[in-house]
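1. Quick one: sequence and predicted model below, then my questions.
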Amino acid sequence: MGLLTRFFNATIDITTKHLVSSMRNGGVLHRTRFHQSVIKFGQRYYSGPVSDAKATKAGAEMLVSYTVLKTPCWLAG
């Protein structure tokens, strides 16, 4: 695995963990519209119903992955 790939993966992991921790109980983003949309986005990833915590993690990871990987392409574009 290349250095750039490891860098992007580490960036995605760190940002996802921070975002999910902000959406947990008592976090800044807990039960906001943004939190609800991330849950819905994460539940679409799974074929059946899942817990809010699992959906939040999946939704946040997809959102961060898309943002981290697409922004440099948009800036270069």
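-> The structure has been received and is ready for your questions.
2. How much space separates Thr5 from Leu63?
-> Remark: distance between Thr5 and Leu63 (Cβ to Cβ, to the nearest Å) = 20 Å. Backbone N, C-alpha and C define where each C-beta goes, glycine included.
3. ditto for Gly48
-> Counting by Cβ to Cβ, the gap between Gly48 and Leu63 amounts to 21 Å.
4. who has more neighbours, the two?
-> For Gly48 against Leu63, the residue with the higher neighbour count under other Cβ atoms under 10 Å is Leu63, and the figures read 18 against 5.
5. just checking, what packs against whichever strand or helix holds the more buried one?
-> Using DSSP states H and E, Leu63 maps to helix 52-76. Contact analysis of helix 52-76 by 3 or more Cβ pairs under 8 Å, 6 or more residues apart in numbering; DSSP states H and E lists helix 3-23, helix 33-43 as its packing neighbours.
6. which outside residues touch that helix?
-> Under the contact criterion Cβ atoms under 8 Å, 6 or more residues apart in numbering, helix 52-76 has outside partners 8, 11-12, 15-16, 19-20, 23, 35, 37-43, 45-46, 50.
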